[in-house]
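>>> Predicted model and sequence follow; I will ask about them next.
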Amino acid sequence: MKIRVVTTQRELMKFIKFPWEVYKNDPYWVAQLVSDTKLLFNEKKNFFWEHAEKKLFYVEDNSGKVLGRVAGVIDYNFISFHNEQTGFFAFFECFNDNNVAGILLSSVEQWLKEKGMKKIIGPTAPSTNDEMGLLYEGYDSSPYLMMPYNPKYYHTLVENYGFKKAKDLYAYIITKQDHLPVQRLSKIVSVVEKKYPQLVVRPVNIKNFEQEIKYAIEIYNSAWEKNWGFVPWTEKEFVSQALRLKPLLDPKFVLFAFMENQPVGMIIGVPNYNEVLKKLNGKLGPIQILKFLYYKNKIKTLRIMIMGVKKEFRNKGIESLLYYKVLENGINAGFVEAEFSWILEDNIMMIRAAENLGAKLYKKYRVYEKEIK
């Protein structure tokens, strides 16, 4: 076995396409678009790399067959925000082989050590604002859009190397049938609306998207400031991500809350495009584009990926109001299921909010950490 460092486009494609070997017999895996993955690594087009650096490794045997891959990532904004010398292992994929996993993870650890890092967290893809953690409960269904999926044995591989639990992340599911508390919630919402007549909830204005993005950045960086692993988005990053998601957004599921014209909260739901991606196998040629256009109107599930209220406006019922309106819009649009993800295991307020709606905990993810010695 040989450890390789990605330095060419050909090697990058070997790195990107390796998951097809790991998951070729897995009915639940959803291949991400190769073009999107290439964009993630593009230092000229992904503004994350303006304050971060990476090193991509893969292991191959004597015949040139790839056996595993991983990336080392250093986010200097994370370091300055948290005041800790922490790096990440990212994009981890591997056959069930402790030797291969050990070579990959030790390569990342050694690189991070040379860069002065004292701790490793992961896996990420590539940052804590992206996909994070390893699935460890809920293997009986496909992941929702922008959520991780992996074989069960990944936990053994990283734990055998010396990683320990850092934090668990939860995903809740709610179906149209489960959404029975809607009548009770509607009463709460009525009380909130009467108590705060100056409170307005409205859909995103796509025609004024630039201003809407500024509202979203303001709310996001305020509402999530104290969350574990949080790193503020730069304006460039947020705008880039928002523009990338813009074609997928439906204003009915992207709502802002204003109190006397001040943005105080938001909720972002996105149709679960993994239903479509599963049919494309990572490609986006002419045939796949036709498939995409056909199947995107048949999506019946929704991922609620962001919900936040500024600290000074919490516990006023705004959270319930946002959830209520986006779920009602989803039901009226014909959606039958929604996922709330991800929620930190110790975010009691968000967990209670999900459970009060009738949602059930159905998937768990684990983020790992290890001290560098």
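The structure has been received and is ready for your questions. Residues are numbered from 1 along each chain as shown.
>>> which parts of stretch 215-224 are buried?
215-217, 219-224 (16 or more other CB atoms under 10 Å). For every residue, glycine as well, the C-beta is placed using N, CA and C.
>>> what pairs with the closest residue to M132 other than its chain neighbours across the strands?
Counting by CB to CB, 6 or more residues apart in numbering, M132 lies nearest to T124, which is 5.0 Å off, once chain neighbours are set aside. Beta-bridge pairing of T124 under DSSP bridges involves A90, M132.
>>> Might one say that T124 is in contact with F92?
No - with contact defined as CB atoms under 8 Å, T124 does not count as touching F92 (9.3 Å).
>>> what about the strands in the stretch 251-373 of the chain?
254-259, 262-271, 301-309, 337-344, 360-371 (DSSP state E, counting those that start in this stretch).
>>> Quick one: mean pLDDT over the first one.
In this case it means strand 254-259. Strand 254-259 carries an average pLDDT of 96.
>>> go on, stretch 227-240?
Regarding stretch 227-240, the rounded mean pLDDT is 89.
>>> and it, C-alpha only, in CSV?
Extracted C-alpha coordinates of stretch 227-240, given in CSV (Å, rounded to 0.1, in the frame of the first residue of the first chain):
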residue,chain,number,x,y,z
ASN,A,227,-23.5,26.8,19.3
TRP,A,228,-20.9,24.1,19.6
GLY,A,229,-18.5,24.2,16.6
PHE,A,230,-20.0,27.4,15.2
VAL,A,231,-17.9,29.6,13.0
PRO,A,232,-19.3,32.8,11.5
TRP,A,233,-19.7,32.7,7.8
THR,A,234,-17.9,35.4,5.9
GLU,A,235,-20.1,37.4,3.6
LYS,A,236,-18.5,36.0,0.5
GLU,A,237,-19.1,32.4,1.7
PHE,A,238,-22.7,33.0,2.7
VAL,A,239,-23.5,34.8,-0.6
SER,A,240,-21.9,32.1,-2.6
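>>> List the contacts of it.
45-48, 50-51, 75, 77-78, 81-82, 121, 127-129, 132, 167, 213, 216-217, 220-221, 224-225, 241, 344, 346-347, 367 (CB atoms under 8 Å, 6 or more residues apart in numbering).
>>> same question, stretch 163-173
105, 120-121, 132-133, 138, 144, 147, 228-229, 337-345, 351, 354-355, 359-370.
>>> which among the residues you listed end up buried?
105, 120-121, 132-133, 138, 144, 147, 229, 337-345, 351, 354, 359, 361-368, 370.
>>> what comes into contact with the longest helix along the chain?
Identified as the longest helix of the chain according to DSSP state H is helix 98-114. Contacts to helix 98-114, defined as CB under 8 Å, 6+ apart, come from residues 1, 3, 55, 57-59, 67-72, 74, 87, 89, 92, 94, 120, 157-158, 160-161, 163, 370, 372.
>>> can you rerun that using 6 Å?
Here helix 98-114 makes contact (CB atoms under 6 Å, 6 or more residues apart in numbering) with 3, 55, 57, 59, 67-68, 70, 72, 87, 89, 94, 157, 160-161, 372.
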